[in-house]
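In: pasting the sequence and the predicted model now:
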Amino acid sequence: MTNKKNLIVVGNGMVGHKFLELMVQKDVSQQWNLVTFCEEPRVAYDRVNLSGYFSGKTAADLTLVEPGYYQENNIQIHIGDRVVAIDRDNKKVRSANGVEIAYDKLVLATGSSLTKTVLLAILIYMRSANALFIIIASLV
């Protein structure tokens with residue numbers, strides 16, 4: 001019996017989840033242990049249509065993950081636990097909850113966040129007093 005390699009996906013948003021779905025479709029379970037870390041308290045959901053939540057959609061309506069999907073496909077998920085350190089020399093990740101796992105392959109699917117650079121680009125694009133106010137408030 002051969003040892004499986006560890007493939008860790010950091011981030012369980014739309015892209016991280018889609019990557020895991022593709023790995024399941026490719027039937028890699030004989031060669032790889034699939035592991036994912038999800039900073040949020042729930043599995044991947046449709047962030048693009050998140051505003052629908054305010055017009056009556058439920059969290060279940062927005063989820064991208066069928067109940068039991070990760071368990072049925074032997075995907076180890078760490079919900080509400082973000083990766084805080086990547087040790088590239090020893091090929092390990094460590095999470096906020098202290099989970100440390102060695103990896104053979106590492107996928108970073110962490111999404112993005114609004115940065116000051118992006119906000120400055122918005123200011124240039126919008127050229128409005130309101131945008132200037134938002135920029136100044138974000139830099140304080």
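Out: Alright, I've got the coordinates. Numbers count the residues shown, from 1 in each chain.

In: low pLDDT regions in the protein?
Out: For the chain, the stretches flagged by pLDDT under 70 are 1-2, 46, 48-50, 53, 112-140.

In: show me where it has strands.
Out: 5-10, 32-38, 75-79, 83-87, 92-95, 100-102, 105-108 (DSSP state E).

In: in JSON lines: these, plus mean neighbour count and distance to Y45.
Out: (Glycine included, C-beta is placed from N, CA and C.) As requested, the strands of the chain are exported to JSON lines (neighbours: other Cβ atoms under 10 Å; distance: least, Cβ to Cβ, whole Å):
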{"stretch": "strand 5-10", "mean neighbour count": "21", "distance to Y45": "16"}
{"stretch": "strand 32-38", "mean neighbour count": "21", "distance to Y45": "10"}
{"stretch": "strand 75-79", "mean neighbour count": "18", "distance to Y45": "12"}
{"stretch": "strand 83-87", "mean neighbour count": "14", "distance to Y45": "20"}
{"stretch": "strand 92-95", "mean neighbour count": "18", "distance to Y45": "21"}
{"stretch": "strand 100-102", "mean neighbour count": "13", "distance to Y45": "24"}
{"stretch": "strand 105-108", "mean neighbour count": "14", "distance to Y45": "19"}
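
In: surely R94 meets V83?
Out: Yes. The pair R94 / V83 is scored as a contact, 7.1 Å apart, by Cβ atoms under 8 Å.

In: columns distance to F54 on top of the strands of the chain, output as CSV?
Out: Listed next are the strands of the chain as CSV, based on distance: least, Cβ to Cβ, whole Å:
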stretch, distance to F54
strand 5-10, 29
strand 32-38, 23
strand 75-79, 24
strand 83-87, 30
strand 92-95, 31
strand 100-102, 37
strand 105-108, 31
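
In: can you tell me the closest non-neighbouring residue to G11?
Out: A109 (3.8 Å; Cβ to Cβ, 6 or more residues apart in numbering).
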